[in-house]
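**Student:** This is the structure alone, sequence omitted:
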């Protein structure tokens, strides 16, 4: 790609020579002089390693003692990824965890589900996970694996997903697409620099989805705007805002028959519990952030950031759940929170309009460099505040009838006549924190990192009637330390220790303490890894880790309900991750990863729950994506992919597992020109052999579900520059 003499090109050249992103505007009365410059070639294949993680001093990823996967814009485009569940296919350390079609989704990293309140971030700031996060305006997605208490405070130990926005540049593209079900898709990406110091970038998208699940078609509209202002040679301001509205019927998951048996003739295309009066789930979500940076001199810099995220969900589900009203379960012989042994399930009219989630975060960070004798220091210190709020109405959740998984179309039942109540505040949570990290350089090959975050949490919860339920207050210091050895520039070897804090889960309603929330949990992680950058376009990484956290589970006992939700014993995940990303040679690019995890519960007081893999954590996952440019037709590339997951446990005693699976994907990309404009065609086919598989055995609210993987789906798109 050749950059002409545009304001953006001039700004980029100035940044390359001066070490910062912009130069001051030319004073009035001294008009700029045109200068002929040599063409600048930008290779889009080059790996982006310039942006770091806040908790590690904003250093390059090569100098970060943690496993971080970056899913670049090119990978998102070629794979035509538009949902979180599709994103999870790109790295073997990720997996689905209650990700229904038509609803917001969650994933697990290293076997631990992410907290929807704190596990997802936009440009480093928390965003509400209860939304269908659009990808059209994202330049890349960063996945920080493992404990990151210094980065995010109170969070689950699996890691965080950070969506990084596109920045202003001279771009004008439009994309049109469809798929084998007749969906329609359109998007536009327009940006430029209005002055040498101020630029804008807008992304819009519309999608009319013809889902592979019957009666589950949907639509969405998306709008975003990003602005960069280089106020001076020392000060910069970045602004981002987006809004998305979506509507689609939510697809209920299967459950084990009688709590033991995997449904033998499940369908990936059937909408369980379908009722014609069921309305789509509407989700309206908006995210906004501002980030200001000021360089006092070459060694010291201040960064300020603030963000707001809000998601409003109008839940409308004819929900397939349990079998309390089925003859097989009414006697109590079969647990009512699973499907019946003969495939019967209850249908509930569930309506919860105006379910509102809000995340607000502000942060101030000071970064600086100084020496003490022969020892160099890079200091990062800051303060932060995070607020989480949930407002909900007393919902309708009423039984309307019983159906069977073998029904092509369930019987039509009358909806409940009841209506939701008035909105009430259900949760108000504050996290206030201070953090610091010192990166110590010992000669040219060794670095020591030591730091921590002090967190003060105050969380209050109310019932649906407005009555107080709990008031949680705690303070905790979360340490983090690491050592890095860099014998050569391409190689980094590291070892790290970190601690994290996560909130206790709410007990399922069918336990003796149903509805109560357990105490916060302390997690500990040891990790050792290596990173090798063989060239500017190829990297190979590996990591060994061990994460410990108290085990939370419904323990069988002699109570009237038969179970009590407890924290007892320890859940330990020990794993190995390997990954390679980049250009193998002139024509071949690979993205490959593998994850082996031994996830065990111990000292639980329930022997049958120990000695085997825990639920929804396959022992082995692997993924491979290949991009091969044909030497005799360099405009044409062949794309291929393979995904594998080992057998996946579906019950706490390990006696029921869904089978392992292999899934193959394929595609083509043609990058040419039409009337002097770049034109790119992409064809991708997921699950080429149309294999049925269970992608998820996760849980929500303590209840377990099984979700089938998507059947074969072909997508075609064309992107044109204008």
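**Tutor:** Looks like it came in fine. All figures in this text were calculated on a predicted structure; none of them were measured in a lab.
**Student:** C-alpha only now, for contacts and for neighbours.
**Tutor:** Noted.
**Student:** my read is residue 371 is in a strand, agree?
**Tutor:** Yes. Checked against DSSP: H, G, I helix; E, B strand; the rest coil, residue 371 lies within a strand.
**Student:** Nearest spatial neighbour of it, chain-adjacent residues omitted?
**Tutor:** Here the nearest residue to residue 371 in space, its sequence neighbours aside, is residue 377; by CA to CA, 6 or more residues apart in numbering that works out to 5.8 Å.
**Student:** What residues are bridge-paired with that neighbour?
**Tutor:** Assessed by DSSP bridges, residue 377 has beta-bridge partners residue 370, residue 440.
**Student:** can you pull the contacts of it?
**Tutor:** 369, 370, 371, 438, 439, 440, 441 (CA atoms under 8 Å, 6 or more residues apart in numbering).
**Student:** Would you check how far apart it and residue 299 are?
**Tutor:** 11 Å (CA to CA, to the nearest Å).
**Student:** Then residue 311?
**Tutor:** As judged by CA to CA, residue 311 and residue 299 stand 40 Å apart.
**Student:** who has more neighbours, these two?
**Tutor:** Set residue 311 next to residue 299 and count neighbours by other CA atoms under 10 Å: residue 311 wins out with 26 against 11.
**Student:** Show me the strands in the stretch 101-250 of the chain, by range?
**Tutor:** Counting by DSSP state E, counting those that start in this stretch, the stretch 101-250 of the chain has these strands, from start to end: 107-109, 112-113, 120-122, 125-126, 138-145, 159-165, 171-179, 184-195, 198-209, 218-230, 235-248.
**Student:** Show me the shaky parts of the chain.
**Tutor:** Scanning the chain with the threshold set as pLDDT under 70 gives 1-58, 148-150, 536.
**Student:** can you tell me which residues contact the residue nearest in space to the middle of it?
**Tutor:** The chain has residue 161 as the residue nearest its centroid, 4.3 Å off, counting by CA atoms, centre = their mean. By CA under 8 Å, 6+ apart, residue 161 lies in contact with 119, 120, 121, 141, 142, 143, 144.
**Student:** Recalculate using a threshold of 10 Å.
**Tutor:** 68-70, 107, 109, 114, 118-122, 124, 126, 141-145 (CA atoms under 10 Å, 6 or more residues apart in numbering).
**Student:** Likewise for residue 239?
**Tutor:** 167, 200, 225-229, 288-292, 305-307.
**Student:** cool, residue 665 as well?
**Tutor:** Neighbouring residues of residue 665 by CA under 10 Å, 6+ apart: 79, 624-625, 639-643, 684-690, 712-714.
**Student:** Quickly run through the sheet partners of the host helix or strand of it, with directions.
**Tutor:** According to DSSP states H and E, residue 665 maps onto strand 661-674. Its sheet considered, strand 661-674 pairs with strand 636-645 (antiparallel), strand 677-686 (antiparallel) by DSSP bridges.
**Student:** Quick check: buried residues in it?
**Tutor:** 661, 662, 663, 664, 665, 666, 667, 668, 669, 670, 671 (16 or more other CA atoms under 10 Å).
**Student:** what comes into contact with stretch 399-408?
**Tutor:** The contact list for stretch 399-408 (CA under 10 Å, 6+ apart) reads 254, 263, 265-267, 270-274, 318-327, 339-340, 342-350, 409-416.
**Student:** Determine how far the last residue of it lies from the first.
**Tutor:** Stretch 399-408 has its terminal residues 21 Å apart, counting by CA to CA.
**Student:** Buried residues in that stretch, which are they?
**Tutor:** So stretch 399-408, judged by 16+ other CA under 10 Å, has buried residues 399, 400, 401, 402, 403, 404, 405, 406.
**Student:** Now, those that are in strands?
**Tutor:** Per DSSP state E, strands hold the following members of the buried residues of stretch 399-408: 399, 400, 401, 402, 403, 404.
**Student:** May I see the residues you listed organised as a markdown table, with distance to residue 633 added?
**Tutor:** What follows is these, written out as a markdown table (distance: CA to CA, whole Å):
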| residue | distance to residue 633 |
| --- | --- |
| 399 | 61 |
| 400 | 60 |
| 401 | 60 |
| 402 | 58 |
| 403 | 55 |
| 404 | 53 |
